[in-house]
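Colleague: Quick one: sequence and predicted model below, then my questions.
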Amino acid sequence: MSEIENNPRTYSGALLGAIAVALLCAIVSLIWAWNLSGRLTAQQAELADARQRNVQLAADLRETDARLRVTADELGKSLGLTQKQLDTRAQQLLAREAAEEAASKRLATAQQQTAQQVNAVASDVSSVKSDVGGVRTDLGKTQSDLTSTIAQLTSMKGDLGQQSGLIARTHDELELLKHRGDRNYYEFTLDRNQRKPVGTISLVLKKADPKHNRFTIEVVSDDKTVEKKDRNVDEPLQFYSGKDPVLFEIVVNTVNKNQVTGYLSTPKSAPAPPTGQ
């Protein structure tokens with residue numbers, strides 16, 4: 001009898017526990033459902049409010065559009081224009097503004113390019129000025145060197161006792177004398193025993209002594225032959241030539257074996273040599 005009584009009591013406790021758990025779950029579910037319902041209610045209220053605002057905005061927009069139409073109609077009537085004409089004018093104004101903006105941008109770009117070109121030209125001008133200044137400096141130095149070099153050239157008496165002009169000892173010095181322009185100069189190279197026309201005369205080298213820088217030449221002028229024997233380098237050899245005799249000078253600058261080089265100097269009034277010399 002005691003075992004039978006204990007089993008019902010055990011079943012009753014388990015049943016009570018299950019019921020308690022079920023009640024607790026039900027309570028939690030109710031609380032969650034209530035919270036969810038509150039949230040849904042709030043969101044529905046916000047949605048309804050948003051719809052109401054949208055409706056109000058749409059109404060305001062319709063009212064504003066109506067006012068604009070009325071204003072446009074009144075403006076068109078005052079100007080004698082239709083809506084289509086107003087739209088056309090508006091498009092024209094927009095196009096004009098766009099064109100002016102594009103022109104402004106092009107003008108700014110052109111101004112920038114012009115400024116760059118002006119700066120480049122200014123730089124080039126400065127460079128040219130510097131170059132011109134350098135050329136002037138070089139020219140001044142050249143003229144100074146030329147004056148100094150000419151001053152170093154010597155003048156001496158010739159073998160006839162006449163005072164000679166300036167004597168050139170090198171080809172460069174001879175070029176300086178040519179640039180002075182007060183006399184005619186003819187360079188020559190003579191080989192031994194060969195007659196060579198120089199200017200309006202002819203020369204023949206008879207002897208060359210490079211060891212002692214001495215030489216002997218024959219001058220053929222006006223059908224006459226004059227010998228200049230055992231003469232020195234850079235010594236003015238003088239003679240008269242021409243229908244109205246004027247003083248000619250010969251200067252030999254170098255003496256080699258069987259060959260000499262030098263120049264003939266004549267006054268500007270002397271006859272010109274035949275063409276081709």
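Modeller: Looks like it came in fine. Numbering: from 1, shown residues only.

Colleague: low pLDDT regions in the chain?
Modeller: For the chain, applying pLDDT under 70 flags the ranges 1-12, 65-83, 86, 122, 125-155, 158, 276-277.

Colleague: Try it again at 50.
Modeller: The chain contains residues with pLDDT under 50 at 1-2, 4, 151.

Colleague: For Gln162, which non-adjacent residue is spatially closest?
Modeller: Sequence neighbours aside, Gln238 is the residue nearest to Gln162 in space, at 5.5 Å (criterion: C-beta to C-beta, 6 or more residues apart in numbering). Where you see a C-beta, it was placed from the backbone N, CA and C, and this is true even at glycine.

Colleague: quick one, what contacts the one you found?
Modeller: Gln238 sits next to Gly158, Asp159, Leu160, Gln162, Ser164, Leu247, Phe248, Glu249 when contact means C-beta atoms under 8 Å, 6 or more residues apart in numbering.

Colleague: Which residue comes closest to the fifth one once chain neighbours are left out?
Modeller: When the adjacent residues along the chain are set aside, Ser164 lies closest to Pro236, with 4.0 Å between them (C-beta to C-beta, 6+ apart).

Colleague: For the strand ranked longest in the chain, buried residues please.
Modeller: When the chain is parsed with DSSP state E, its longest strand is strand 246-256. The neighbour-count check on strand 246-256 (16 or more other C-beta atoms under 10 Å) flags Leu247, Phe248, Glu249, Ile250, Val251, Val252, Asn253, Thr254, Val255 as buried.

Colleague: what do you get for stretch 253-270?
Modeller: For stretch 253-270, burial by neighbour count (16+ other C-beta under 10 Å) applies to Asn253, Thr254, Val255, Gln259, Val260, Gly262, Tyr263, Leu264, Ser265, Thr266, Ala270.

Colleague: For the fifth one, which residues are in contact?
Modeller: It refers to Val260. Applying C-beta under 8 Å, 6+ apart, we find Val260 in contact with Thr189, Leu190, Leu205, Ala208, Phe215, Ile217, Val252, Thr254.

Colleague: burial measure for the fifth one, as a count.
Modeller: For Phe215, the neighbour count with other C-beta atoms under 10 Å is 28.

Colleague: Dig out what it forms beta bridges with.
Modeller: Ala208, Arg231 (DSSP bridges).

Colleague: Save the contacts of Gln238 as JSON lines, and put in distance to Asn119 too.
Modeller: As requested, the contacts of Gln238 are arranged in JSON lines below (distance: C-beta to C-beta, whole Å):
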{"residue": "Gly158", "distance to Asn119": "65"}
{"residue": "Asp159", "distance to Asn119": "69"}
{"residue": "Leu160", "distance to Asn119": "70"}
{"residue": "Gln162", "distance to Asn119": "66"}
{"residue": "Ser164", "distance to Asn119": "61"}
{"residue": "Leu247", "distance to Asn119": "64"}
{"residue": "Phe248", "distance to Asn119": "63"}
{"residue": "Glu249", "distance to Asn119": "61"}
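
Colleague: now the strands for this protein?
Modeller: 154-157, 163-167, 183-191, 195-198, 201-209, 214-221, 224-232, 237-241, 246-256, 259-267.

Colleague: Of all those, which one is nearest Pro274?
Modeller: For the strands of the chain, the distance to Pro274 is smallest for strand 195-198, at 8.0 Å, taking C-beta to C-beta.
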